[in-house]
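# Provided below are the primary sequence and the corresponding predicted coordinates.
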Amino acid sequence: MPVEEFVAGWISGALGLVLGHPFDTVKVRLQTQNTYRGIIDCTVKTYRHESILGFFKGMSFPIASIAVVNSVLFGVYSNTLLVLTATSHHERRLQPPSYTHVFVAGCTGGFLQAYCLAPFDLIKVRLQNQTEPRARQGGPPPRYRGPVHCAASIFQEEGPRGLFRGAWALTLRDTPTLGIYFVSYEWLCRQVTPDGQNPSSTTVLVAGGFAGITSWVTATPLDVIKSRMQMAGLGQREYQGLLDCMVSSARQEGLGVFFRGLTINSARAFPVNAVTFLSYEYLLHLWG
Ligand SMILES: CN(C)C(=N)NCCC[C@H](N)C(=O)O
């Protein structure tokens, strides 16, 4: 099994993650808290109360986890294509796989990465939703002191299954949308690249950026539900399950609730995925 795809997936994911984390914090807060009037309001309040550091809350764990998550995604994607089409990454420009194969490989990568991502994503969302400034004297201490304390508290209070809260919603979010992610990327690259040639860096940047936007637009409704289920019980109501969360959110806040965070998600998706695909392709080219 070729391992370069796993390593390239890890490095490219980490670069994209640092770039996109501030957008991600604003998105999670908009999706789970009703105290903000919009992106600008949330950005200004976060900056005023918590300084620039507020935007980077919960980032250390994703940085560690991206090694597993993005390498599983890109590694499984590429190795599934290898099984389906008997072509390596480098051979695929001369013998491009069908979009059905790309979709199936993307869904397989998405499904497996969702289970690796679930505990890390839960901890990230819990930490991002702590709005207390880090170092204020005399103020109420935040519930979680950091990622390890957060993981240990969830484990103690809810057992190992607690760490997988929202995992089902995450799997439903990621399986089809990662199929869409890789199909959009391939489709856009093929539109502007002559047969048999590698796409240029600009093509990779633009195709990666738009693949990110397309997949996140389709992922946003389940992203909202996933974040709410991960926060359930902590100052928010408990849900009986995914369907209950969907129905009660829609009843109380209207259908628009499923599109909360859509703009910020898309704004974040472009640079993150442009950089992710560019560095992924570059590294594989370098090692090829
Ligand atoms: C719609 N979904 C779930 C995705 N496109 N996921 C792939 C993640 C790529 C990048 N790390 C990001 O966070 O955008």
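Alright, I've got the coordinates. All figures in this text were calculated on a predicted structure; none of them were measured in a lab.
# enumerate the residues of this protein near the ligand.
Listed as neighbours of the ligand in the chain under the rule C-beta under 6 Å from any ligand atom: 13, 16, 174, 177-178, 181, 212, 215-216, 219, 269, 272-273, 276. C-beta here means a position set from N, CA and C on the backbone, and glycine is covered the same way.
# which of those are buried, as a PyMOL select command?
Filtering the residues of the chain next to the ligand down to the buried ones (16 or more other C-beta atoms under 10 Å) takes a single PyMOL command:
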select buried, resi 13+16+174+177+178+181+212+215+216+219+269+272+273+276
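# same list (the residues of the chain next to the ligand) but as JSON lines, adding distance to residue 241, secondary structure and pLDDT.
What follows is these, written out as JSON lines (distance: C-beta to C-beta, whole Å; DSSP: H, G, I helix; E, B strand; the rest coil; pLDDT from 0 to 100):
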{"residue": "13", "distance to residue 241": "30", "secondary structure": "helix", "pLDDT": "85"}
{"residue": "16", "distance to residue 241": "32", "secondary structure": "helix", "pLDDT": "87"}
{"residue": "174", "distance to residue 241": "18", "secondary structure": "helix", "pLDDT": "97"}
{"residue": "177", "distance to residue 241": "21", "secondary structure": "helix", "pLDDT": "98"}
{"residue": "178", "distance to residue 241": "23", "secondary structure": "helix", "pLDDT": "98"}
{"residue": "181", "distance to residue 241": "27", "secondary structure": "helix", "pLDDT": "98"}
{"residue": "212", "distance to residue 241": "29", "secondary structure": "helix", "pLDDT": "97"}
{"residue": "215", "distance to residue 241": "25", "secondary structure": "helix", "pLDDT": "97"}
{"residue": "216", "distance to residue 241": "24", "secondary structure": "helix", "pLDDT": "95"}
{"residue": "219", "distance to residue 241": "20", "secondary structure": "helix", "pLDDT": "96"}
{"residue": "269", "distance to residue 241": "28", "secondary structure": "helix", "pLDDT": "93"}
{"residue": "272", "distance to residue 241": "31", "secondary structure": "helix", "pLDDT": "91"}
{"residue": "273", "distance to residue 241": "31", "secondary structure": "helix", "pLDDT": "94"}
{"residue": "276", "distance to residue 241": "33", "secondary structure": "helix", "pLDDT": "92"}
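# which of the residues of the chain next to the ligand lies closest to residue 254?
residue 219 (20.1 Å; C-beta to C-beta).
# quick one: contacts for the residue nearest to the closest one when sequence neighbours are not counted?
Computed as C-beta to C-beta, 6 or more residues apart in numbering, the closest residue to residue 219 that is not its neighbour in sequence is residue 177, at 4.2 Å. Listed by C-beta atoms under 8 Å, 6 or more residues apart in numbering, the contact partners of residue 177 are 110, 215, 216, 218, 219.
# quickly note the distance from residue 177 to residue 20.
16 Å (C-beta to C-beta, to the nearest Å).
# now do residue 257
Applying C-beta to C-beta to residue 257 and residue 20 gives a distance of 23 Å.
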